[in-house]
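A.B. asks: Here is a sequence together with a model predicted from it:
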Amino acid sequence: MKNGTHYRTCHLCEAMCGVAIEVKAGKIASIRGDNKDPLSRGHICPKAVALQDLHEDPERLRKPVRKTPTGWQEIEWDEAFTTVAEKLHSTRSTHGRNSIGVYLGNPNVHNHGSLIATMPFLRAIGSQNRFSATSNDQLPHMLASLEMFGHQVLFPIPDIDNTDLFICIGGNPMASNGSLMTVPDFRGRLKALKQRGGKMIVVDPRRTETAQLAEEFHFIRPGTDAFLLMAMVNTLFSDGLVHPGPAEQFIKDLGLLRLAALPFTPEAVAETTGIAAASIRDLAHQLANTPKAALYTRMGTSTQTFGSIATWLAYCLNILTGKLDNVGGVMFTQPAIDLIALGAMSGQRGHFGKRHSRVKGLPEFAGEYPASTMADEILTPGEGQIRAFVTVAGNPVLSSPNGRRLDEALSGLDFMVSVDYYINETTRHADIILPPTAALERSHYDIVFNMLAVRNVSKYSEALFDAGTDSRHDWQILLELAHRLEKLRKGNKLPLRSELGWQAFKRVGPDSLVDLLLRTGPYGVDTSRVRGVLEPTTSLILNLLPKHHPLKGLAKLSSLNPQWKELPKGLSLKRLKENPSGVDLGALRPALANRLFTRDGKINLAPRRYLKDVERLHRQLSAPASTGELLLIGRRHVRTNNSWMHNSHRLVKGKDRCTLLVNPDDANRLGLQAGCDAEIRAENRCILLPVEITSDMMPGVVSIPHGWGHDRDGTQQTTASAHAGASINDVLSDQHIDPVAGTSVLNGQPVTVKVSQSIQPSTSARTTQGEQHASMATVEPD
Ligand SMILES: Nc1nc2c(c(=O)[nH]1)N[C@H]1C(S)=C(S)[C@@H](COP(=O)(O)OP(=O)(O)OC[C@H]3O[C@@H](n4cnc5c(=O)[nH]c(N)nc54)[C@H](O)[C@@H]3O)O[C@H]1N2
Ligand SMILES: Nc1nc2c(c(=O)[nH]1)N[C@H]1C(S)=C(S)[C@@H](COP(=O)(O)OP(=O)(O)OC[C@H]3O[C@@H](n4cnc5c(=O)[nH]c(N)nc54)[C@H](O)[C@@H]3O)O[C@H]1N2
Ligand code: SF4
Ligand SMILES: [Mo]
């Protein structure tokens, strides 16, 4: 590695911050924000420096390991690939293709190589038993996008840099740095919003870091957002505030939406939500009467019992008030690699409910079943039972509800392989672990998060360190396994054409594909000089050919499309390499007419599957309020990243962050004292955590962050184990799902909390290795 400053994108969360990494004597000397990055403009969060910790972590696996009776043993790549391919192949031959389960975790989305290799890999596995973090996350957004706009990844993104009113419901961008809204430096952008006279409103059961910066804040009872949003829709209709503006000509079934919202007056939902009727009415009026406003919902509203309805209604509210496709409202992005248009062209707009899971009959979404039914599919005997399992960049034991049950399920498998570089709560169950290169050893292009960014940008980062020949990137691992599986299935010999195809794919790699997609995309080849000839031809293609003709799709996609005439051109990998801080492609622009993918070209405001679930919402409205029950919600901290960054000492040091937050009234009633352990229980699932008392919690609601619980035997993350915490997903039930989409209910499940009877000091009480674990009193201050 050459000394000097290397510019790249931090891949850890969705914010895509530009970092400047200074290397001296072959080692990282510093990591700073890159002021020249057009999106992040110098911002980074405390996690950026942990890129170094991750890179240098001696516990990060560099070579494949195999589990033996005496512990993990390093093996050569070829042996590892051979064993894995043979085991998976024999499982499939003996028990059928669905006997292999696959779980894809979150970091895949931050990895262009994995994204490109996943499809052939899944095809080679051939199983319908596929799962991912989606159903513990943004599934309701994807379903709403599919149902209303005709494409599962066409998300309306808040135009935060131009809006005057930002309504944030169930998201905490000050901690998470935004999600389904790539927004580095949320704080700076919010400051600018306020300087132009704008305001932010937050609705959340906790007065979060984001709420503390809001001009207006409302506590909401967990799981009741659908009632609030219904009442806002109701108010818009009853007070004559429905003015869809740019979307007017596209919408349909407005009347059905009005009827659905009819019973949900602000007065009817006030008690359920905990928000006064006048405030609800005022919220609807503010949204309607502020020309540049955006209503945004995230994790808190999607992973709850009415997550699907709530997300649908949030989309509707932006449309009814004319915010969709409006500057300062919510808009569709125009990314340089337009996966949305590409997907549509190849017939991949998304699908839902094409088949149902074996044990519980839950619907697939985009070919995946809900993660909460993974354990059912492994533990329940019968044809199609999962016997071998593959995880790629996932830690479902900590990230899926009822983690202990999944733990048990994974421990009983015939065979498991993990593509991962840590031996953690999930991968410790694997027979073989295949570790990919670390992030700084590979190139980076954000295919997904550019689709979600508040500004159109494009940036490519070269690998900073050479991983050497005895290493494999994720995409190489996935393609190698796919190739070998395919070969085994065909009796160890592929037809020459197919063999050559695999060889070429493995040689070309993802960067060439990125280059091709950039050049053929909307910002690609500059055709201005030959426009005179090309434009009429393109128009002809666009006007004459039938709607779904591939040539039409290709023309639409390319820089020739007249719709993209105004966009900057000349993007290619070469150009990006010349601009290592990234290229600015401009602010979000209205694009609705060209972005709708529904068959009839309309936005469906009242999809039937939501209307059906409104009956459940209605029943819930008249159900007697349960009293005395505590509802559990999650939270994120800026120094965490789901479950996998806790082996960085710099991120976990200081105050214990895995605590139970309790409102003072509840603490008093339950006799809980700050710093003492509480027992948090639901049925037979129970964890212990130290109590933190704060009036930032809504009375009747308690909060625990997810991604902790590193005290399980057999992991190899010493720092993480020394700051083990406990897993919220060891308390949450995997039986609670949003019945529309199948999303796990991670927020709003009832729990009981009491003083722990344990007399041991707080952290060691829940661990098996008490001596090694730092107690609250001894850790250094933040
Ligand atoms: N620092 C950090 N950043 C991250 C991550 C991380 O682990 N750490 N993870 C990344 C990932 S994978 C994602 S998906 C994003 C998520 O990004 P966000 O959605 O912003 O994530 P959270 O901080 O969990 O915010 C959810 C909010 O919903 C609130 N909430 C809970 N229940 C309800 C409810 O019923 N109604 C309402 N209205 N609110 C509710 C919670 O109190 C919380 O404030 O963050 C990403 N960024
Ligand atoms: N209760 C509760 N549960 C939640 C949430 C919540 O808010 N509350 N949030 C949910 C959300 S939004 C998400 S996205 C999920 C995340 O859930 P998962 O995706 O299952 O888990 P992560 O914690 O992101 O773990 C990522 C794994 O990938 C590995 N890894 C990291 N980088 C790479 C890489 O480049 N290549 C490979 N091959 N492996 C890599 C890490 O070592 C780790 O094992 O958790 C969900 N679970
Ligand atoms: S917010 Fe932090 S973790 Fe996320 S991309 Fe920026 S520096 Fe990386
Ligand atoms: Mo996520």
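C.D. replies: Perfect, I can see it now. Keep in mind that what you see is a predicted model, and the values were worked out from it rather than measured. Ligands and ions are numbered 1, 2, ... in the order given.
A.B. asks: ends of stretch 170-189, how far apart?
C.D. replies: 19 Å (C-alpha to C-alpha, to the nearest Å).
A.B. asks: so how far is it off the chain centroid?
C.D. replies: 13 Å (C-alpha atoms, centre = their mean, to the nearest Å).
A.B. asks: Can you spell out which helices and strands pack onto the helix or strand of the chain with the lowest mean pLDDT?
C.D. replies: The least trusted helix or strand in the chain, going by mean pLDDT, DSSP states H and E, turns out to be helix 550-557, with a mean of 71. Contacts defined by 3 or more C-beta pairs under 8 Å, 6 or more residues apart in numbering; DSSP states H and E place helix 550-557 against helix 339-345, helix 531-544. (C-beta placed from N, C-alpha, C; glycine too.)
A.B. asks: List the buried residues in it.
C.D. replies: Of all the residues in helix 550-557, those buried under the rule 16 or more other C-beta atoms under 10 Å are 552-557.
A.B. asks: Of the residues you listed, just say which sits nearest to ligand 3.
C.D. replies: Nearest to ligand 3 out of the buried residues of helix 550-557 is residue 557 (C-beta to the nearest ligand atom; 28.5 Å).
A.B. asks: So which residues of the stretch 351-500 of the chain form strands?
C.D. replies: Remark: strands assigned in the stretch 351-500 of the chain by DSSP state E, counting those that start in this stretch are 352-356, 363-365, 388-392, 415-419, 432-434, 444-445, 455-458, 460-461.
A.B. asks: Select, out of those strands, the one closest to ligand 2.
C.D. replies: Among those, the nearest to ligand 2 by C-beta to the nearest ligand atom is strand 415-419 (4.4 Å).
A.B. asks: what's the average pLDDT for that closest one?
C.D. replies: The pLDDT scores in strand 415-419 average 98.
A.B. asks: what do you get for stretch 604-617?
C.D. replies: Stretch 604-617 shows an average pLDDT of 98 in the prediction.
A.B. asks: ok, back up a step: output the strands of the stretch 351-500 of the chain as TSV; include the columns mean neighbour count and distance to residue 379.
C.D. replies: Compiled in TSV, these are given as follows (neighbours: other C-beta atoms under 10 Å; distance: least, C-beta to C-beta, whole Å):
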stretch	mean neighbour count	distance to residue 379
strand 352-356	13	18
strand 363-365	20	20
strand 388-392	27	12
strand 415-419	25	14
strand 432-434	25	22
strand 444-445	24	38
strand 455-458	24	46
strand 460-461	26	42
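A.B. asks: Rebuild these as JSON lines, extending it with distance to residue 256.
C.D. replies: Shown next, in JSON lines, are these (distance: least, C-beta to C-beta, whole Å):
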{"stretch": "strand 352-356", "distance to residue 256": "20"}
{"stretch": "strand 363-365", "distance to residue 256": "22"}
{"stretch": "strand 388-392", "distance to residue 256": "41"}
{"stretch": "strand 415-419", "distance to residue 256": "46"}
{"stretch": "strand 432-434", "distance to residue 256": "50"}
{"stretch": "strand 444-445", "distance to residue 256": "42"}
{"stretch": "strand 455-458", "distance to residue 256": "35"}
{"stretch": "strand 460-461", "distance to residue 256": "46"}
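A.B. asks: Make JSON lines out of the ones you listed and add distance to ligand 2.
C.D. replies: What follows is the strands of the stretch 351-500 of the chain, written out as JSON lines (distance: least, C-beta to the nearest ligand atom, whole Å):
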{"stretch": "strand 352-356", "distance to ligand 2": "20"}
{"stretch": "strand 363-365", "distance to ligand 2": "15"}
{"stretch": "strand 388-392", "distance to ligand 2": "6"}
{"stretch": "strand 415-419", "distance to ligand 2": "4"}
{"stretch": "strand 432-434", "distance to ligand 2": "8"}
{"stretch": "strand 444-445", "distance to ligand 2": "10"}
{"stretch": "strand 455-458", "distance to ligand 2": "21"}
{"stretch": "strand 460-461", "distance to ligand 2": "14"}
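A.B. asks: wait, which of the ones you listed is closest to residue 701?
C.D. replies: strand 363-365 (29.0 Å; C-beta to C-beta).
A.B. asks: What is that closest one packed up against?
C.D. replies: helix 139-149, strand 352-356.
A.B. asks: Tell me which of the ones you listed approaches residue 367 most closely.
C.D. replies: Among these, strand 352-356 sits nearest to residue 367 (C-beta to C-beta), with 8.2 Å.
A.B. asks: got the CA coordinates for the closest one in PDB?
C.D. replies: C-alpha atoms of strand 352-356 as PDB (Å, rounded to 0.1, in the frame of the first residue of the first chain):
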ATOM      1  CA  PHE A 352     -45.400 -10.700  -3.200                       C
ATOM      2  CA  GLY A 353     -47.400 -13.800  -2.100                       C
ATOM      3  CA  LYS A 354     -46.500 -15.900  -5.100                       C
ATOM      4  CA  ARG A 355     -45.900 -18.800  -2.700                       C
ATOM      5  CA  HIS A 356     -46.200 -19.400   1.000                       C
END
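A.B. asks: and the closest residue to residue 229 other than its chain neighbours, what element?
C.D. replies: Sequence neighbours aside, residue 313 is the residue nearest to residue 229 in space, at 3.7 Å (criterion: C-beta to C-beta, 6 or more residues apart in numbering). For residue 313, the element it lies in under DSSP states H and E is helix 307-320.
A.B. asks: how about that helix against ligand 1, any contact?
C.D. replies: No: judged by C-beta under 6 Å from any ligand atom, helix 307-320 makes no contact with ligand 1; its nearest approach is 8.0 Å.
A.B. asks: any bit of that helix sitting next to ligand 2?
C.D. replies: No: using C-beta under 6 Å from any ligand atom, helix 307-320 stays clear of ligand 2, coming no nearer than 12.1 Å.
A.B. asks: tell me which residues of the lengthiest helix in the chain are tucked away?
C.D. replies: Longest helix in the chain by number of residues, with DSSP state H as the criterion: helix 496-520. Within helix 496-520, the residues that qualify as buried are 502, 505, 509-511, 513-515, 517-520, counting by 16+ other C-beta under 10 Å.
A.B. asks: by how many degrees do that helix and helix 550-557 diverge?
C.D. replies: Compare the direction of helix 496-520 with that of helix 550-557 by axes from the mean of the first three to the mean of the last three C-alpha atoms, to 10 degrees and you get 40 degrees.
A.B. asks: Show me what helix 496-520 is packed up against.
C.D. replies: Counting by 3+ C-beta pairs under 8 Å, 6+ apart, helix 496-520 packs on helix 112-125, strand 444-445, helix 474-489, helix 573-578.
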